[in-house]
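>>> pasting the structure only:
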């Protein structure tokens, strides 16, 4: 399936809602990982409309090089206009740019593929392109929504969906192709020639985005922070799962 990026951009921004909160916690989790691993060179596959590198820098994070590969032109423009030092923004796909970068530059310390693998037409092709650009010391971070998230398990019990991995209305509007559980994500990465170094989850989300956005004003930051931490403690039910891996 070829993605219609113009339609994706319109749908994503029109239904941002609770996704803004999820992006914030996704960034928080990635910043925790980067502060632990301390990479100097970072390549990011898909920077989106809100910049992780800007948030990381504003919280004291340091890096020598950050290359963002983004297929949506308006997101590239926002990233370039942010004026983040040591950031290079490349318009296009990972499959197009990674082979060229691998020839020109040393392999990075850290590659981020955040909230993306479930959206591309071929996860195998994307993972293959990433693995080919990795060096022996590169760590790849992948995170995706969890098919066994509490809100999906609850939806099955309520009869709203027939099984946890069923694509919902939001999944279809964003042209998403799959919903991974932890086992499926691990299998995809091992198949690509990767060795898992760390895995888990973050953020417990009891309800779908639309309902979470409705009740968000009543939750407050303390509750949301608690749900974020609870997702790390109970990754099997977390809203999002992650794997970090190195080349075999």
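The structure has been received and is ready for your questions. Just so it is clear, the model here is predicted, and its values are computed rather than measured.
>>> How far off centre is the lengthiest helix in the chain?
Longest helix in the chain by number of residues (criterion: DSSP state H): helix 209-233. Its chain's C-alpha centre and that of helix 209-233 lie 19 Å apart, by Cα atoms, centre = their mean, to the nearest Å.
>>> Could you list every helix and strand that that helix packs against?
Contacts defined by 3 or more Cβ pairs under 8 Å, 6 or more residues apart in numbering; DSSP states H and E place helix 209-233 against helix 19-37, strand 194-202. Quick note: C-beta positions are derived from backbone N, CA and C, even for glycine.
>>> Pipe these into TSV and attach distance to residue 210, mean neighbour count and mean pLDDT per row.
Shown next, in TSV, are those (distance: least, Cβ to Cβ, whole Å; neighbours: other Cβ atoms under 10 Å; pLDDT from 0 to 100):
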stretch	distance to residue 210	mean neighbour count	mean pLDDT
helix 19-37	10	17	96
strand 194-202	21	17	98
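>>> mind putting these in JSON lines, distance to residue 164 included?
Output for the helices and strands packed on helix 209-233, formatted as JSON lines (distance: least, Cβ to Cβ, whole Å):
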{"stretch": "helix 19-37", "distance to residue 164": "18"}
{"stretch": "strand 194-202", "distance to residue 164": "14"}
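>>> closest to residue 225 out of those?
helix 19-37 (8.7 Å; Cβ to Cβ).
>>> Helix or strand next in line after the closest one, which one?
strand 41-45 (DSSP states H and E).
>>> rewinding a little: out of the helices and strands packed on helix 209-233, which is closest to residue 219?
When those are compared by Cβ to Cβ, helix 19-37 sits nearest residue 219, at 9.5 Å.
>>> Sketch out the low-pLDDT regions of this structure for me.
For the chain, the stretches with pLDDT under 70 are 1-15, 167-177.
>>> Next, name the residue at the spatial heart of it.
By Cα atoms, centre = their mean, the mean C-alpha position of the chain lies nearest to residue 114, the distance being 1.8 Å.
>>> Many thanks, have a good one.
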